[in-house]
Every structure is written in structure tokens, then in C-alpha cells.
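A.B. asks: my questions concern the predicted model and sequence given below.
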Amino acid sequence: MHSLTKTFAIISTLLILTACGASKRAKPITGSLPAISPENARIYFYRSQVPFLAAVEPEFLVNGKSVGFVKINQVLYRNAQPGNYEIKISSDIENPISILLKPGETRFFKAYGTTSIIRSYHAIKEIAEDAALKEIQGQKLLAPE
């Protein structure tokens with residue numbers, strides 16, 4: 001009976017880890033990021049390497065609309081017109097981040113694991129470009145569809 005439980009645990013773990021892999025469409029980030037036109041702006045979304053939330057894929061929301069889910073080792077981006085935006089994450093919609101995007105500007109938002117008295121969840125924070133570029137090197141970039 002013990003070996004059956006152990007086998008089940010191993011298979012479950014492998015399935016979870018497979019589900020957490022980056023999309024087949026994603027390309028590794030090995031240098032600079034794709035260029036942006038001067039009249040547009042761009043928002044990047046990625047997540048920290050949080051082992052206790054590995055199987056949870058947070059959904060990023062911009063002005064209340066989904067821009068996608070982010071898996072471990074995956075970065076996604078969306079181009080946007082300059083203007084005011086509200087950035088949220090599905091697990092923490094009570095704490096949006098309001099930003100003003102300027103033409104040619106790029107902003108980075110990171111989902112990170114946190115805990116409260118009753119749960120563990122992803123929250124978001126804006127990361128400075130130089131720090132974000134270091135963190136996302138080697139991760140896979142998923143371009144907009």
C-alpha cells in the first residue's frame with residue numbers, strides 16, 4: 001500500500017510540474033527585448049519563482065480585462081496606447097496599481113507570493129526596468145497573439 005501511495009505522489013508531482021512549464025510558443029529571453037514603436041507603450045508581466053505557489057497561474061488584468069495567465073519562467077507583454085491604466089491580479093483584485101503610460105514607455109509588473117492569516121496568494125508590484133531585465137533573463141517571452 002505504501003508503494004502505491006508513493007507512486008501516486010510521484011506521478012501527481014510530475015503532472016503538476018509539466019503543467020507549470022512555459023508555453024511552446026514562448027521564446028527564451030537571451031538579450032534585449034523586442035523594440036516598441038515610439039507612439040505606443042508596453043507593459044510586461046512576469047512572476048517570481050515561488051515554490052509554494054508553483055501550480056497557481058495568476059491572471060493579470062488591465063482595466064478589468066484579462067491580458068493573460070503567467071506560468072513560472074514565462075513573461076508576457078501587451079502593447080498599449082499611452083494613457084491611464086489600472087493593473088490587477090486575479091488573486092488580489094482589491095489592490096490595483098494605477099499607472100500613466102507615456103509614449104515609448106515600458107513598465108514591468110511582477111506577481112509574487114505572499115501570505116495572509118488565512119491564505120497564500122499572488123500579489124503584484126511594479127519593478128524598475130533594470131531589476132526586471134535581470135530577473136527575466138533566461139525566462140521565456142510569450143508575444144501577444
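C.D. replies: Thanks, I have it.
A.B. asks: mind checking the longest strand of this structure?
C.D. replies: Using DSSP state E, we find that the single longest strand of the chain is strand 106-115.
A.B. asks: show me the beta-bridge partners of the spatially most central residue of the chain.
C.D. replies: With distances taken as Cα atoms, centre = their mean, Tyr46 lies nearest the centre of the chain, 2.7 Å away. Beta bridges link Tyr46 to Lys110 when assigned by DSSP bridges.
A.B. asks: pLDDT-wise, which helix or strand of this protein ranks last?
C.D. replies: helix 2-19 (a mean of 38; mean pLDDT, DSSP states H and E).
A.B. asks: could you find the closest non-adjacent residue to Pro103?
C.D. replies: Excluding its sequence neighbours, the residue lying closest to Pro103 (Cβ to Cβ, 6 or more residues apart in numbering) is Pro82, at 4.8 Å. Backbone N, C-alpha and C define where each C-beta goes, glycine included.
A.B. asks: which residues are in contact with that neighbour?
C.D. replies: Contacts for Pro82 (Cβ atoms under 8 Å, 6 or more residues apart in numbering) come out as 39-41, 101-103, 105.
A.B. asks: now the residues you listed as TSV including neighbour count, distance to Ser91 and pLDDT?
C.D. replies: Converted to TSV, the contacts of Pro82 look like this (neighbours: other Cβ atoms under 10 Å; distance: Cβ to Cβ, whole Å; pLDDT from 0 to 100):
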residue	neighbour count	distance to Ser91	pLDDT
Glu39	9	33	94
Asn40	15	29	94
Ala41	23	25	96
Leu101	18	24	96
Lys102	10	29	96
Pro103	12	32	96
Glu105	16	26	95
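A.B. asks: which one of the residues you listed is nearest to Ile93?
C.D. replies: Checking the contacts of Pro82 against Ile93 with Cβ to Cβ, the nearest one is Leu101 at 20.5 Å.
A.B. asks: please look at that closest one and Gly83 and confirm they touch.
C.D. replies: Yes - contact criterion Cβ atoms under 8 Å: Leu101 and Gly83 qualify, at 6.1 Å.
A.B. asks: quick check, pLDDT for the residue lying closest to Val70 once chain neighbours are set aside.
C.D. replies: Once flanking residues are discounted, Val70 sits nearest to Arg47: 4.9 Å by Cβ to Cβ, 6+ apart. Arg47 carries a pLDDT score of 85 in this model.
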